[in-house]
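In: structure here, sequence nowhere to be found:
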């Protein structure tokens with residue numbers, strides 16, 4: 001770069017994957033948070049960094065953020081973008097993954113965006129400070145920002161935070177930094193607390209009193225992620241319904257971010273099923289504790305596989321009287337073989353962010369004709385869809401579900417088939 005410092009005026013060309021505006025300068029790409037495509041920026045470049053001095057022109061999609069913590073709290077990065085424009089930008093991520101993988105003549109996507117104040121799952125950092133406890137999300141590369149407001153989470157969840165801060169500040173176990181996960185279940189808030197030191201008897205009494213006062217059925221403690229959990233307070237049964245079946249999710253369960261998002265995903269998955277009779281077998285991979293399992297079981301017999309011991313135990317405990325069966329299996333270390341997959345009329349998979357890994361090769365080598373792929377990672381789709389396209393799968397439908405409002409994350413549900421009859425029928429329907 002010429003000289004020590006250069007000022008110039010540049011136009012944002014596009015948004016990067018994380019939602020930051022991209023400009024090009026002297027053959028390099030720079031990403032600037034809080035900017036939108038088409039905006040003209042006044043910038044200062046210094047060695048390897050760039051500083052935003054101001055705007056010469058704003059994009060028409062720019063809106064005032066609904067939260068005063070925007071730009072600081074790490075939970076939202078795109079509150080300055082009009083929601084409909086944001087939804088279409090997220091759809092472009094999925095479309096790009098599809099077209100780069102060889103899928104052409106795409107059907108029109110079905111898109112859904114969850115409303116504000118709908119998030120039912122919250123994972124926050126804790127930090128003891130003089131006079132109390134900070135409870136919130138991290139700044140980019142920084143300390144947690146106290147969540148004094150939030151247009152994302154459900155009102156009853158936000159109302160719990162002020163008394164929760166007071167309770168946490170009284171705990172001797174919270175000596176420095178910690179973490180808290182809250183799932184808002186039908187039975188009430190389910191809390192999982194992490195603290196640097198073990199809970200004392202006094203700490204447990206305080207948590208039990210808090211649980212009784214705020215109708216919290218369970219508070220669980222662990223020293224760190226992946227460590228052994230123990231119940232700190234139990235004030236009643238813990239339950240949630242999936243497809244009409246009562247399930248007891250384990251502490252810190254990875255559930256969908258909102259009930260609206262969960263319903264949209266479930267609706268998309270069920271809409272993608274091929275014609276089934278009650279004897280047909282559905283194989284579900286990465287089943288969790290049954291979010292999709294039990295709705296699917298209303299259409300066929302489901303064999304659900306999951307590697308997390310606590311999640312699959314919860315699923316199994318709820319299968320009595322349903323047309324579902326759970327099996328514990330680490331699909332990364334021991335993927336299902338083609339001969340096992342061949343038993344399925346359709347495979348439904350909802351893998352983690354990294355994708356399906358070794359399981360994909362077995363799926364392609366099987367005789368399975370229909371796949372419903374639920375993904376929260378466009379990057380994983382870009383990596384895995386080319387192999388599915390090469391194996392003869394066509395895209396019948398795709399849903400874009402924005403349940404991570406004001407972030408760059410997006411959920412997609414893809415219905416894929418290599419059944420010639422289904423492919424012809426879908427193409428004929430698009431042409432009519």
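Out: Yes, it's here. Keep in mind that this is a model prediction, so the values were computed, not measured.
In: so how many other residues sit close to the spatially closest residue to residue 389 that is not a sequence neighbour?
Out: Nearest in space to residue 389, with sequence neighbours left out and distances taken as Cβ to Cβ, 6 or more residues apart in numbering, is residue 102 at 4.1 Å. Yep, even glycine has a C-beta here, placed from its N, CA and C like the rest. Neighbours of residue 102 under the rule other Cβ atoms under 10 Å: 11.
In: pretty sure residue 102 is in contact with residue 387, am I right?
Out: No: proximity of residue 102 to residue 387 does not meet the contact threshold set by Cβ atoms under 8 Å, at 10.1 Å.
In: what pairs with the strand or helix carrying residue 44, parallel or antiparallel?
Out: With the criterion set as DSSP states H and E, the secondary-structure element containing residue 44 is strand 40-46. Strand 40-46 has these partner strands in its sheet, going by DSSP bridges: strand 6-11 (antiparallel), strand 49-57 (antiparallel).
In: the helices in the protein, which residues?
Out: Taking DSSP state H, the helices of the chain run over residues 83-100, 155-169, 201-213, 259-271, 293-296, 309-317, 338-341, 359-365, 378-390, 420-431.
In: can you tell me which of those helices is nearest to residue 48?
Out: Ranking those by their distance to residue 48 (criterion: Cβ to Cβ) puts helix 378-390 first, at 24.8 Å.
In: if I pick the residue nearest the centre of the chain, what's in contact with it?
Out: For the chain, the residue sitting closest to the mean C-alpha position, by Cα atoms, centre = their mean, is residue 376 at 5.9 Å. Neighbouring residues of residue 376 by Cβ atoms under 8 Å, 6 or more residues apart in numbering: 353, 409, 410, 411, 412.
In: could you rerun that using 6 Å?
Out: Neighbouring residues of residue 376 by Cβ atoms under 6 Å, 6 or more residues apart in numbering: 353, 411.
In: need phi/psi at it.
Out: phi -110, psi 20 (degrees, to the nearest 10).
In: nearest residue to residue 186 other than its sequence neighbours?
Out: Across the structure, with Cβ to Cβ, 6+ apart as the measure, the residue nearest residue 186 apart from its sequence neighbours is residue 240 (5.1 Å).
In: wait, that neighbour sits on residue 185?
Out: Yes: with contact defined as Cβ atoms under 6 Å, residue 240 counts as touching residue 185 (4.4 Å).
In: more neighbours: which of these two?
Out: Here residue 240 and residue 185 are set side by side on neighbour count (other Cβ under 10 Å), and the busier one is residue 240, at 24 against 20.
In: in the lowest-mean-pLDDT helix or strand in the chain, what's buried?
Out: Taking mean pLDDT, DSSP states H and E as the measure, the chain has helix 420-431 as its least confident helix or strand, at a mean of 89. Residues 422, 423, 426 are the ones in helix 420-431 that count as buried (16 or more other Cβ atoms under 10 Å).
In: apart from its neighbours in sequence, what residue is nearest the last one?
Out: The shortest distance from residue 426 to any residue other than its chain neighbours is 4.4 Å, reached at residue 396 (Cβ to Cβ, 6+ apart).
In: and the helices of the chain, which one's lowest on average pLDDT?
Out: Per-stretch mean pLDDT for these is lowest at helix 420-431 (a mean of 89).
In: what's next to that one, contact-wise?
Out: Applying Cβ under 6 Å, 6+ apart, the contact partners of helix 420-431 are 107, 394, 396, 417.
In: adding neighbour count, pLDDT and distance to residue 69, write those residues out as JSON lines.
Out: Conversion of the contacts of helix 420-431 to JSON lines gives the following (neighbours: other Cβ atoms under 10 Å; pLDDT from 0 to 100; distance: Cβ to Cβ, whole Å):
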{"residue": "107", "neighbour count": "15", "pLDDT": "96", "distance to residue 69": "39"}
{"residue": "394", "neighbour count": "19", "pLDDT": "98", "distance to residue 69": "45"}
{"residue": "396", "neighbour count": "23", "pLDDT": "98", "distance to residue 69": "41"}
{"residue": "417", "neighbour count": "24", "pLDDT": "98", "distance to residue 69": "45"}
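In: now these as CSV including distance to residue 251?
Out: Conversion of those to CSV gives the following (distance: Cβ to Cβ, whole Å):
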residue, distance to residue 251
107, 40
394, 41
396, 38
417, 38
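In: return the member of those residues nearest to residue 383.
Out: Among those, residue 394 lies closest to residue 383 (Cβ to Cβ), at 19.2 Å.
In: ok, that closest one - contacts?
Out: Applying Cβ under 6 Å, 6+ apart, we find residue 394 in contact with residue 423.
In: my guess is residue 338 meets residue 363, correct?
Out: No: when contacts are counted by Cβ under 6 Å, residue 338 is not listed as touching residue 363 (8.0 Å).
In: between those two, which has more neighbouring residues?
Out: When residue 338 is set against residue 363 and neighbours are counted by other Cβ under 10 Å, the residue ahead is residue 363, at 25 against 15.
In: which intervals of the stretch 201-350 of the chain have sub-threshold pLDDT?
Out: Judged against pLDDT under 70, the stretch 201-350 of the chain has no low-scoring part.
In: before we move on, back to that, tell me the phi and psi of the residue nearest to residue 389?
Out: Phi and psi for residue 102, reported as degrees, to the nearest 10, are phi 110, psi 0.
In: any idea of the pLDDT on it?
Out: Looking at residue 102, its pLDDT reads 97.
In: how much space between residue 143 and residue 124?
Out: Noted for residue 143: a distance of 13 Å to residue 124, by Cβ to Cβ, to the nearest Å.
In: kindly state the beta-bridge partners for the residue nearest to residue 186.
Out: Taking DSSP bridges, one finds residue 247 as the beta-bridge partners of residue 240.
In: contacts only, for it.
Out: For residue 240, the contacting residues are 185, 186, 247, 249, by Cβ under 6 Å, 6+ apart.
In: cool, residue 14 as well?
Out: Residue 14 makes contact with 22, 37 under the criterion Cβ under 6 Å, 6+ apart.
In: tell me the spacing between it and residue 404.
Out: 20 Å.
In: so residue 182 sits against residue 122, correct?
Out: Yes: using Cβ under 6 Å, residue 182 makes contact with residue 122 at a distance of 4.6 Å.
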